[in-house]
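Asker: Coordinates for the following, if possible.
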Amino acid sequence: MTYSIRHATNHDCAALSLIGAATFLNAFADQIEGKALIKHCQSEHSEATYAAYLAKPRTAAWLIEAAETGAPLGYALNCAPDLPIADSSGDIELKRIYLLPQLYGSGAADTLVEASIAHSRAQEAKRLLLGTYEGNARAKAFYEKHGFISIGTRQFNIGGVLHDDIVMAKSL
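Answerer: Numbering: from 1, shown residues only. From the prediction side, this is the model:
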């Protein structure tokens with residue numbers, strides 16, 4: 001499948017909301033209880049949530065779109081860190097990065113990570129941080145391939161249910 005990547009703007013909140021919920025559901029439908037997933041997607045992947053992120057300084061988002069139709073296929077979101085790290089004042093968090101399965105293995109995820117890293121460097125961040133589900137070996141291996149290392153843990157609330165995550169960092 002042919003795709004393109006572009007910076008998302010406040011005019012893209014509907015697309016971010018749609019792809020955010022769709023990819024989160026796809027990633028965790030076989031691991032997390034359905035009601036918790038629905039509640040999480042309704043609150044954390046609403047248009048208003050993305051609008052609030054994009055209104056903040058140091059935030060950037062990217063959309064991967066089908067070249068033929070412009071339909072959203074994936075995205076990434078950088079923002080100020082919201083992680084339990086002692087001193088993250090000079091850091092940026094890769095808050096979200098997800099793709100629909102038809103892009104797995106296409107290089108699209110690498111393109112999103114590279115955009116996230118480039119944005120973080122342009123913001124003069126000292127590190128790029130992220131949290132990922134500790135049971136997701138595929139994601140951990142992907143991030144390690146891009147130079148991220150584990151620096152801690154956190155609990156992540158999905159619809160009122162706590163899950164264990166690892167926190168990873170890449171020095172810039």
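
Asker: Need the outlier residue of this structure, farthest from its centre.
Answerer: Glu68 (24.2 Å; C-alpha atoms, centre = their mean).

Asker: in stretch 23-33, what's buried?
Answerer: The neighbour-count criterion (16 or more other C-beta atoms under 10 Å) identifies Thr23, Phe24, Leu25, Ala27, Phe28, Ile32 as the buried residues of stretch 23-33. (Each C-beta comes from the backbone N, C-alpha and C, glycine too.)

Asker: Ignore what I typed, I meant stretch 93-101.
Answerer: Using 16+ other C-beta under 10 Å as the test for burial, stretch 93-101 gives Glu93, Leu94, Lys95, Arg96, Ile97, Tyr98, Leu99, Leu100.

Asker: got a markdown table for those residues, with secondary structure and pLDDT too?
Answerer: Putting the buried residues of stretch 93-101 into a markdown table (DSSP: H, G, I helix; E, B strand; the rest coil; pLDDT from 0 to 100) gives the following:
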| residue | secondary structure | pLDDT |
| --- | --- | --- |
| Glu93 | strand | 97 |
| Leu94 | strand | 98 |
| Lys95 | strand | 97 |
| Arg96 | strand | 97 |
| Ile97 | strand | 97 |
| Tyr98 | strand | 97 |
| Leu99 | strand | 97 |
| Leu100 | coil | 97 |
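
Asker: Pick the one among those residues closest to Gly74.
Answerer: For those, the closest approach to Gly74 (C-beta to C-beta) belongs to Leu99, at 3.5 Å.

Asker: Please verify my assumption that the closest one contacts Gly74.
Answerer: Yes. Here Leu99 reaches Gly74: they are 3.5 Å apart, a contact under C-beta atoms under 8 Å.
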